[in-house]
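A.B. asks: my questions are about this predicted structure, shown below with the sequence.
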Amino acid sequence: MEFTNLSFWQLILLAGPIMWPILLCSVFAFAIIFEKLYFLHKIRVDIQELLSAITVKIKRHEIKDALELCDKVKSPVTQILKAGILKYDRSRPQIIEAIEDASLYEVPKLEKNLPLLAAIGHIAPLLGFLGTTLGMIKCFQIIQVRASMSYSVTVGDLAGGIWQALITTVAGLVVAIPVFLAYNYFVNRVNQLVLEMEKTATELVNFINE
């Protein structure tokens, strides 16, 4: 029986019960990945262009129009800018406090589900190694039983345990590797967005207080 000729269901049966939590991890992980990709695409905005349009409105004292610009673009950065614009006639510390309060609500949106993605990246290979251990235990149990009955042990007797050990290890790594890559990408992207938000908010505060 060649590995390449095995169906997906046959691989599941050979891998044993540990394969099911690994598959569950993969489903959750890729659901999170697709959700984060969609979310990051949806909130994409030319921050400098938006900030320029907002500052023009504020300079003309068209505060309502500036707020409408923020409402048109559903993004964490626009909500932070909106919080600052709403306090445009207040002191600098009050504007900064309003922006910081808004960021406490908006930044977690960017980080949503990232800890879960990291946890799956750690758990998947551990489940694979658990499957490997159970597969090896299965092999040694067969050896013990055959030896106690004075029977010789063949490769065929051990094949089931070996299949389980190898397939679960591979499955755990196949899930973990792309998950770790995706996690690192999302963390870097979120960090960039947070820095852009901080920079933009600072520019807005400086403009209002000129």
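C.D. replies: All right, it came through fine.

A.B. asks: point out where the protein drops to low pLDDT.
C.D. replies: The chain contains residues with pLDDT under 70 at 1-15, 139-164.

A.B. asks: ranges for the helices of it?
C.D. replies: For the chain, the helices defined by DSSP state H cover 8-15, 19-42, 47-59, 63-72, 76-86, 92-111, 114-148, 155-208.

A.B. asks: hey, which of these is tucked in deepest?
C.D. replies: helix 76-86 (a mean of 23; mean count of other C-beta atoms under 10 Å). (C-beta placed from N, C-alpha, C; glycine too.)

A.B. asks: got the CA coordinates for it in PDB?
C.D. replies: The C-alpha coordinates for helix 76-86 follow below in PDB (Å, rounded to 0.1, in the frame of the first residue of the first chain):
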ATOM      1  CA  PRO A  76      -9.900  51.600  13.300                       C
ATOM      2  CA  VAL A  77      -7.700  54.500  12.200                       C
ATOM      3  CA  THR A  78     -10.800  56.600  11.200                       C
ATOM      4  CA  GLN A  79     -12.500  55.900  14.500                       C
ATOM      5  CA  ILE A  80      -9.400  57.200  16.300                       C
ATOM      6  CA  LEU A  81      -9.300  60.300  14.200                       C
ATOM      7  CA  LYS A  82     -13.000  60.800  14.700                       C
ATOM      8  CA  ALA A  83     -12.500  60.700  18.500                       C
ATOM      9  CA  GLY A  84      -9.900  63.400  18.200                       C
ATOM     10  CA  ILE A  85     -12.000  65.600  15.800                       C
ATOM     11  CA  LEU A  86     -14.900  65.400  18.300                       C
END
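
A.B. asks: now that helix, how far from the centre of its chain.
C.D. replies: 26 Å (C-alpha atoms, centre = their mean, to the nearest Å).

A.B. asks: do the same with stretch 38-45
C.D. replies: 15 Å.

A.B. asks: repeat for stretch 27-39
C.D. replies: 7 Å.

A.B. asks: now stretch 62-74
C.D. replies: 31 Å.

A.B. asks: now residue 74, what are its backbone angles?
C.D. replies: phi -80, psi 90 (degrees, to the nearest 10).

A.B. asks: tally of neighbours for it?
C.D. replies: 11 (other C-beta atoms under 10 Å).

A.B. asks: next up, the contacts around it.
C.D. replies: 42-43 (C-beta atoms under 8 Å, 6 or more residues apart in numbering).
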